[in-house]
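Peer 1: sequence and predicted structure are below.
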Amino acid sequence: MKKEFLNNQNIHWEDTFSSKPQMFGSKPSVAAIKAVEIFKQNGVKKIIELGGGQGRDTMYFAENGFEVTVVDYTSSGIQAIKETALSMNLSYLIIPIQHDLRNPLPFENESFDACYSHMLYCMAFTTKELEYISLETARILKPEGINIYTVRNTDDADYKTGLHHGEDLYECGKFIVHFFSREKVGELAGPFDILSIDEFEEGGLPRRLFFVALRKKHA
């Protein structure tokens, strides 16, 4: 595995977000709609979103009354979120922060009720880095906090196509994707209990994904 290929993904995402202001559209993802239902059922008020991109799900959470701290490692993504939040009069509910998730999250222990990330885990992270992100997420969640994430799975049409970068990382059209099996979901659960692993489809291929719902374990 050549780390420089993984690190260069930042540049590619910056260029992509800058040239495509609404790359994923403005409507919330299916995952965000489902996550809101789960959050409301569990009395969630304060969310951290990891890898918010250009903010389509961020806006949906805020529209539903949640306080959202959204983290992304691209400056262009964070700028897009700020501008959209301002135009929608949602800035009072949204805190955008640029941050590389391979470094410690800049928040106190037990700061949030829930965490959400849509396809963040299937970016160009090694398994070791994903384990670290999982531990950091657990640290900043309150006891029994909810963690929801989605990932492209090993039944996806792009799995094992394109340039292989080690583990289950494959470069598809300049984007490096980390594909997940159910076993990998279990291995990364660590400090969490698995509530559910559901399959769904999204996009033109279509992409095949897991919707993973977790709850922080008792200390």
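Peer 2: Perfect, thanks for sending it. Numbers count the residues shown, from 1 in each chain.

Peer 1: now do the strands in the protein.
Peer 2: Using DSSP state E, the strands of the chain run over 46-50, 67-72, 94-98, 112-118, 141-152, 163-164, 169-172, 175-178, 192-202, 207-216.

Peer 1: can you list those strands in CSV and add distance to Phe39?
Peer 2: Glycine gets a C-beta too; all of them are placed from N, C-alpha and C. CSV is the format used below for those (distance: least, CB to CB, whole Å):
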stretch, distance to Phe39
strand 46-50, 7
strand 67-72, 11
strand 94-98, 16
strand 112-118, 6
strand 141-152, 7
strand 163-164, 37
strand 169-172, 30
strand 175-178, 25
strand 192-202, 13
strand 207-216, 10
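
Peer 1: closest to Val30 out of those?
Peer 2: strand 192-202 (6.2 Å; CB to CB).

Peer 1: how about low-confidence regions in the chain?
Peer 2: 1-26 (pLDDT under 70).

Peer 1: deepest of the strands of the chain, which one?
Peer 2: strand 112-118 (a mean of 26; mean count of other CB atoms under 10 Å).

Peer 1: name all residues that make contact with the nearest residue to His99 once chain neighbours are set aside.
Peer 2: In space, His99 comes closest to Val71 once its chain neighbours are excluded; the distance is 4.9 Å by CB to CB, 6 or more residues apart in numbering. By CB atoms under 8 Å, 6 or more residues apart in numbering, the residues touching Val71 are 48-52, 97-99, 101, 105.

Peer 1: show me the contacts for the residue of the chain most remote from its centre.
Peer 2: Going by CA atoms, centre = their mean, the residue of the chain most distant from its centre is Ala219, 24.7 Å out. Contact partners of Ala219, counting by CB under 8 Å, 6+ apart, are Pro143.

Peer 1: measure it to Thr126 for me?
Peer 2: Using CB to CB, to the nearest Å, one gets 28 Å for the distance from Ala219 to Thr126.

Peer 1: and the closest residue to Tyr170 other than its chain neighbours, how far is that from Phe179?
Peer 2: Leaving aside its chain neighbours, Tyr170 sits nearest to Gly162 (4.8 Å; criterion: CB to CB, 6+ apart). According to CB to CB, Gly162 and Phe179 sit 11 Å apart.

Peer 1: need the overlap of contacts for these two.
Peer 2: Tyr170.

Peer 1: got the contact list for Asp156?
Peer 2: 179, 205, 207-209.

Peer 1: again, only using 6 Å
Peer 2: Residues in contact with Asp156 (CB atoms under 6 Å, 6 or more residues apart in numbering) are 207-208.

Peer 1: ditto for Val177
Peer 2: Here Val177 is in contact with 122, 152, 170 (CB under 6 Å, 6+ apart).

Peer 1: and which of those residues is nearest to Glu136?
Peer 2: Each of these was scored against Glu136 by CB to CB, and Cys122 proved nearest at 17.6 Å.

Peer 1: could you report the separation of that closest one from Gly145?
Peer 2: For Cys122, the distance to Gly145 - CB to CB - is 22 Å.

Peer 1: starting at the chain centroid, how far to stretch 186-205?
Peer 2: Stretch 186-205 sits 12 Å away from the centroid of its parent chain (CA atoms, centre = their mean, to the nearest Å).

Peer 1: could you dump that stretch to CSV, C-alpha only?
Peer 2: Provided in CSV are the C-alpha atoms of stretch 186-205 (Å, rounded to 0.1, in the frame of the first residue of the first chain):
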residue,chain,number,x,y,z
GLY,A,186,-18.0,-6.4,12.9
GLU,A,187,-14.2,-5.9,13.4
LEU,A,188,-14.5,-2.1,13.4
ALA,A,189,-17.4,-2.1,15.9
GLY,A,190,-15.0,-2.4,18.8
PRO,A,191,-16.4,0.1,21.4
PHE,A,192,-19.9,-0.2,19.9
ASP,A,193,-22.8,-2.7,20.0
ILE,A,194,-24.2,-3.4,16.5
LEU,A,195,-27.9,-2.5,16.3
SER,A,196,-28.3,-3.3,12.6
ILE,A,197,-26.6,-3.8,9.3
ASP,A,198,-29.0,-3.1,6.4
GLU,A,199,-28.3,-3.2,2.7
PHE,A,200,-29.5,-0.4,0.3
GLU,A,201,-28.7,1.0,-3.1
GLU,A,202,-27.8,4.5,-4.3
GLY,A,203,-26.8,6.2,-7.5
GLY,A,204,-26.4,5.2,-11.1
LEU,A,205,-24.5,1.9,-10.9
